[in-house]
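A.B. asks: This is the structure alone, sequence omitted:
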C-alpha cells in the first residue's frame with residue numbers, strides 16, 4: 001500500500017489514518033481528504049529500478065534465431081527490457097517473484113509469464129547430482145469467469161524422474 005502511494009493510503013481509511021476520539025464521520029472524511037502522504041518508498045523503489053537499468057541489459061550467447069523474440073517475450077507483448085524491469089521491481093518490493101518459460105501445447109513461440117510471490121503457493125526441492133533443483137511448484141492463477149467474477153485455478157509444475165509435467 002505504501003508503494004502504491006497516497007490514493008491507496010486514503011482508500012484504506014482507518015487502517016492507516018485512525019479515527020481519534022469522538023470525531024464525526026463527516027469530520028473524519030474531511031481530515032482524510034486533507035491528509036498528505038509523501039511516497040518516499042515508491043520513489044525509492046523507482047530510483048532503485050532506474051539505477052539497475054541505467055544501461056539496457058545485453059543478452060549474450062543467444063542463438064540469432066531467438067533474438068526477434070526479445071521484442072515480444074511475454075503473453076502480454078512486453079519486450080525483454082520491460083519484462084525485466086517488472087521482475088526487478090517485484091523482487092525489490094517483496095524479495096521474490098516467479099518466472100515461467102512456457103509454450104502453448106499447440107506450438108508457437110515460447111513466452112515468459114511472471115508470478116507474484118503471493119501466487120507461488122508451495123514448492124519443493126531435491127538435490128539432484130550436486131544441485132538443489134525445484135521438483136514441485138504450485139502457482140495460483142486468477143481468471144475472470146463468464147459471470148464477471150474472479151476464479152482461482154492452480155498450475156502444478158512437477159519434475160519426476162527427470163520428466164517435466166504441468167497440471168492445471
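C.D. replies: Thanks, I have it. This is a predicted model, so every value here is computed, not measured.
A.B. asks: quick one: the residue nearest the centre of the chain from residue 90, how far?
C.D. replies: The C-alpha lying nearest the average C-alpha coordinate of the chain belongs to residue 116 (C-alpha atoms, centre = their mean; 3.4 Å). Distance, residue 116 to residue 90, by C-beta to C-beta, to the nearest Å: 7 Å. All C-beta spots, glycine's among them, are computed from the backbone N, C-alpha and C.
A.B. asks: which residues do these two both contact?
C.D. replies: residue 97 (C-beta atoms under 8 Å, 6 or more residues apart in numbering).
A.B. asks: Tell me the pLDDT of the residue nearest to the centre of the chain.
C.D. replies: pLDDT, residue 116: 95.
A.B. asks: Quick check: the gap between it and residue 95.
C.D. replies: 12 Å.
A.B. asks: and the longest strand seen in the chain, what does it pack onto?
C.D. replies: Looking across the chain with DSSP state E, the single longest strand is strand 131-144. Applying 3 or more C-beta pairs under 8 Å, 6 or more residues apart in numbering; DSSP states H and E, one finds that strand 131-144 contacts strand 97-102, strand 120-128, strand 150-160.
A.B. asks: what lines up beside it in the sheet?
C.D. replies: If you go by DSSP bridges, strand 131-144 pairs up with strand 120-128 (antiparallel), strand 150-160 (antiparallel).
A.B. asks: Quick one: those strands as JSON lines, columns for distance to residue 28, mean neighbour count and mean pLDDT too.
C.D. replies: Converted to JSON lines, these look like this (distance: least, C-beta to C-beta, whole Å; neighbours: other C-beta atoms under 10 Å; pLDDT from 0 to 100):
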{"stretch": "strand 120-128", "distance to residue 28": "38", "mean neighbour count": "12", "mean pLDDT": "95"}
{"stretch": "strand 150-160", "distance to residue 28": "31", "mean neighbour count": "13", "mean pLDDT": "94"}
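A.B. asks: Understood, closing this out.
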